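K.L.:
Could you look at this predicted model? Sequence included:
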Amino acid sequence: QKEVEQDPGPLSVPEGAIVSLNCTYSNSAFQYFMWYRQYSRKGPELLMYTYSSGNKEDGRFTAQVDKSSKYISLFIRDSQPSDSATYLCAMSTNRDDKIIFGKGTRLHILP
Amino acid sequence: GAVVSQHPSWVICKSGTSVKIECRSLDFQATTMFWYRQFPKQSLMLMATSNEGSKATYEQGVEKDKFLINHASLTLSTLTVTSAHPEDSSFYICSAQRQGVGELFFGEGSRLTVL
């Protein structure tokens, strides 16, 4: 079983819809959780950084962590074509420890 | 967010030459920097972990004599692709981990084309 599992997609949704992106993981010691957005031919951009369980909201983005289920989610409200990108989840056990990435989910927002 | 600068953003070279890519954390100190390789529509592949003042740790299957990494300061790491061949053509991305905070920030990537 891989440490971090993420459906590669592609996921296509109409503009304005709520997008739900998810990752599961196997290591219960993970405490720090991140979501990155990567546009084609660009480096990944950090979107959300959370610690332990709970929700964190930033504009149209909400990150959710359920440590009991070893499941994290990123919700995008009012999705826009400019949200079309690959989204990578990432996590680590401690602040300065190695960060483990999911494979990324390709998202297409249809105008 | 913090800024990581990667240079050059793209480079074309002849087979057999060496190419150096720089990765700088502009507004924070990074004890650890990472180098990745990414093929089109593929996920990031970690090549090596670079710690300031010590030798880099390479992932299995990555030739350390081929991909030379130097982390000379808390803000600069370099990747040198030695004796480049067409199969080394790829998108190379660096990232820097902010000391004591854990957040990881990426450079914009460098596209290498070896003719």
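P.N.:
That came through, no problem. Just so it is clear, the model here is predicted, and its values are computed rather than measured.

K.L.:
For the chain, which segments are assigned as strands?
P.N.:
Picked chain A for this. For chain A, the strands defined by DSSP state E occupy A:4-5, A:11-14, A:19-25, A:32-38, A:45-51, A:54-58, A:61-66, A:71-76, A:85-92, A:100-101, A:105-110.

K.L.:
um, chain B though
P.N.:
Assigned by DSSP E, the strands in chain B fall at B:4-7, B:10-13, B:19-25, B:30-38, B:45-51, B:57-58, B:67-73, B:76-81, B:90-98, B:104-106, B:110-114.

K.L.:
Now render the strands of chain A as TSV, adding distance to B:Glu59 and mean neighbour count.
P.N.:
Backbone N, C-alpha and C define where each C-beta goes, glycine included. Formatted as TSV, the strands of chain A follow (distance: least, CB to CB, whole Å; neighbours: other CB atoms under 10 Å in any protein chain shown):
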stretch	distance to B:Glu59	mean neighbour count
strand A:4-5	16	18
strand A:11-14	29	13
strand A:19-25	20	19
strand A:32-38	19	23
strand A:45-51	22	17
strand A:54-58	31	12
strand A:61-66	27	18
strand A:71-76	24	20
strand A:85-92	16	23
strand A:100-101	13	20
strand A:105-110	23	17
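
K.L.:
Please identify which residue in chain A comes closest to chain B.
P.N.:
Nearest residue of chain A to chain B: A:Arg95, at 3.3 Å (CB to the nearest CB).

K.L.:
From A:Phe101, how far off is that residue?
P.N.:
According to CB to CB, to the nearest Å, A:Arg95 and A:Phe101 sit 17 Å apart.

K.L.:
If I look at residue 74, what pLDDT would I see?
P.N.:
Picking chain A for this. The per-residue pLDDT reported for A:Leu74 equals 98.

K.L.:
try again with chain B
P.N.:
Listed pLDDT for B:Leu74 reads 88.

K.L.:
pLDDT weak spots in the chain?
P.N.:
Went with chain A since none was named. For chain A, the stretches with pLDDT under 70 are A:1.

K.L.:
right idea, wrong chain: chain B
P.N.:
Ranges of chain B meeting pLDDT under 70: B:1.

K.L.:
Once you drop chain neighbours, what's closest to the closest residue to chain A within it?
P.N.:
Taking CB to the nearest CB as the measure, chain B has B:Gly102 as its residue closest to chain A, at 3.3 Å. Among residues not flanking B:Gly102 along the chain, A:Arg95 sits closest, at 3.3 Å (CB to CB, 6 or more residues apart in numbering or on different chains).
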